[in-house]
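*Asks:* Sequence and predicted model, in that order:
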Number of protein chains: 2
Amino acid sequence: MARPRKFDEQQVLDTAREQFWAGGYAATRMDDIAAATGLGKGSLYGAFGGKQELFHRVFDEYCRAIVDTTAQQLRGDDKNAYARLSAYVHAVAAATAADTAQRGCLLAKGAAELTEHDEKVAKRAHTAIEALRTLLEDDIAACQRNGDLAADADPGALAALVLAVLRGIEALGKAGANEETLTGIARTALAVLPRPTD
Amino acid sequence: MARPRKFDEQQVLDTAREQFWAGGYAATRMDDIAAATGLGKGSLYGAFGGKQELFHRVFDEYCRAIVDTTAQQLRGDDKNAYARLSAYVHAVAAATAADTAQRGCLLAKGAAELTEHDEKVAKRAHTAIEALRTLLEDDIAACQRNGDLAADADPGALAALVLAVLRGIEALGKAGANEETLTGIARTALAVLPRPTD
DNA sequence: AACGTTATGGACGAAGCAGTCAACAACCAT
DNA sequence: ATGGTTGTTGACTGCTTCGTCCATAACGTT
């Protein structure tokens, strides 16, 4: 009944994410996104509404992806819960260290730039962080059931601590900490988690 | 021999800092700073050079202030080293929670926005972070000498961990974590630091 | 095939932006 | 006091950028 779109919406969102990720929200121009995607501005505005809406789409999708990926890495049986936690924490440190361009995490970057002025971004970031905390708490509780961590510790508190360490690793990566420092933090954080006393 | 300045340079820097802090680098306009300080743009450019240089001045000064404040809070005799560490960690959590406007830390915000594209900002942030790490390490070593923390632990590693937790608290504050969560993280982090075994 | 509907692309408008400039003002050394 | 030097002001320039608009293109339905 009408002319179909020539572009793949997902592909455009991916490209837009790269642009916003590299430059931040304010410094990214819609013309850049148009050029990078090959779309005319009319199509871009027609399909997504505007710069802010486009960023919201990108940010929302990124948050969803982060939480999904983490869920895949942390969910599983009690038996391997500690191994998963350890692997995850080390993976975040390694990924941060490997990010030589120091782009960091779009969740952190977007939140830092826009939380104060954009309610939607603030809410979305909060939801994502809360989801990550829950995933960590579930895994830590599994570790406790399996006897890998002290049963009398508060899993929620430990999850919040680990989450803070992870976000801190990310922040220190931005500040140019080297790989050894970052992996060292991961190692130390895991080492200080309370063990069963028997 | 020449006309003296009518404005206080420090006051202008303070005002500029507020502007950059609230809006970020890209979103802050020189006209805003001019209006907020009451200076004409000519004076502003004459005294500071341009937007980038002005931000460098502000950022440098902010980093210096952060490190100085931390040094005042952490330096002292071995006897009270642990009390100082505890007070400092809790103070950061409380300050982050109290920051209802969620402006966060200019060091983190500036680094997140500009590290990739501005070498000077990257270097300055790195230096500041390294200084903070050293201050923490010195205090932690003092704690060990005084028997408040396990002597066999690596003070450098513990310092890096605590620093990560602190930066993580800051990041979680941006994401809207409530006061209870933040102070809980501070409490848990201190609780998991290794104690002497005797 | 003709038509209604939606997509496309790029020129355009309007506002915003960093930075400049020239006329004027204030100071001090002589 | 006077002149040289530096600070001040705000209008101005030239460029950038968001968003719109419209002529045209491509599709499905009848």
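*Replies:* Cool, got the structure. Numbers count the residues shown, from 1 in each chain, chains lettered A, B, ... in the order given.
*Asks:* What residues sit buried inside stretch A:133-141?
*Replies:* For stretch A:133-141, burial by neighbour count (16 or more other C-beta atoms under 10 Å in any protein chain shown) applies to A:Arg133, A:Thr134, A:Leu135, A:Leu136, A:Glu137, A:Asp138, A:Asp139, A:Ile140, A:Ala141. In short, each C-beta sits where N, CA and C put it, glycine included.
*Asks:* Identify those among these that sit within helices.
*Replies:* Secondary structure defined by DSSP state H assigns A:Arg133, A:Thr134, A:Leu135, A:Leu136, A:Glu137, A:Asp138, A:Asp139, A:Ile140, A:Ala141 of the buried residues of stretch A:133-141 to helices.
*Asks:* Distance check, the first one against B:Asn178.
*Replies:* Using C-beta to C-beta, to the nearest Å, one gets 12 Å for the distance from A:Arg133 to B:Asn178.
*Asks:* so is the closest residue to A:Ala153 other than its chain neighbours in a helix, a strand, or just coil?
*Replies:* With sequence-adjacent residues excluded and distances taken as C-beta to C-beta, 6 or more residues apart in numbering or on different chains, A:Ala153 is closest to A:Pro194, at 4.9 Å. At A:Pro194 the chain is in coil, as set by DSSP: H, G, I helix; E, B strand; the rest coil.
*Asks:* try A:Ala186
*Replies:* helix.
*Asks:* got the contact list for it?
*Replies:* A:Val89, A:His90, A:Val92, A:Ala93, A:Val165, A:Ile169 (C-beta atoms under 8 Å, 6 or more residues apart in numbering or on different chains).
*Asks:* how does it look with 10 Å?
*Replies:* A:86, A:88-94, A:96-97, A:165-166, A:169, B:161, B:164 (C-beta atoms under 10 Å, 6 or more residues apart in numbering or on different chains).
*Asks:* on that earlier part again, would you mind measuring from the residue nearest to A:Ala153 to DNA strand D?
*Replies:* To DNA strand D, A:Pro194 is 49 Å away according to C-beta to the nearest atom of the strand, to the nearest Å.
*Asks:* from memory that residue sits against A:Ala151, does it?
*Replies:* Yes - A:Pro194 is within contact range of A:Ala151, at 9.5 Å (criterion: C-beta atoms under 10 Å).
*Asks:* what residues do the two have in common as contacts?
*Replies:* A:Gln144.
*Asks:* does the residue nearest the centre of chain A sit in a helix or strand, and which one?
*Replies:* In chain A, the residue lying closest to the centroid (C-alpha atoms, centre = their mean) is A:Ile66, at 4.4 Å. Per DSSP states H and E, A:Ile66 falls inside helix A:51-74.
*Asks:* Which strands or helices does that helix pack on?
*Replies:* Contact here means 3 or more C-beta pairs under 10 Å, 6 or more residues apart in numbering or on different chains; DSSP states H and E; on that basis helix A:51-74 packs against helix A:9-23, helix A:30-37, helix A:41-48, helix A:81-98, helix A:106-114, helix A:119-145.
*Asks:* is it up against DNA strand D anywhere?
*Replies:* Yes - using C-beta under 7 Å from any atom of the strand, helix A:51-74 comes into contact with DNA strand D via A:Lys51, A:Gln52.
*Asks:* Please work out the average pLDDT along that helix.
*Replies:* On average, the pLDDT along helix A:51-74 is 98.
*Asks:* In that helix, which residues are buried?
*Replies:* A:51, A:54-63, A:66-67, A:70, A:73-74.
*Asks:* got it, and stretch A:177-188?
*Replies:* Buried-residue list, stretch A:177-188, by 16+ other C-beta under 10 Å: A:Ala177, A:Thr181, A:Leu182, A:Thr183, A:Gly184, A:Ile185, A:Ala186, A:Arg187, A:Thr188.
*Asks:* quick one: which of the residues you listed is nearest DNA strand C?
*Replies:* A:Ala177 (30.5 Å; C-beta to the nearest atom of the strand).
*Asks:* got a list of what that closest one touches?
*Replies:* A:93, A:96-97, A:168-169, A:171, A:184-185, B:126, B:129-130, B:133, B:160, B:163-164, B:167.
*Asks:* Run through chain A and note the low-pLDDT ranges.
*Replies:* Counting by pLDDT under 70, chain A contains no low-confidence residues.
*Asks:* Quick check: residues of it near DNA strand D?
*Replies:* A:1-4, A:28-31, A:41-42, A:45, A:50-52.
*Asks:* Most neighbours among those, which one?
*Replies:* A:Thr28 (21 neighbours; other C-beta atoms under 10 Å in any protein chain shown).
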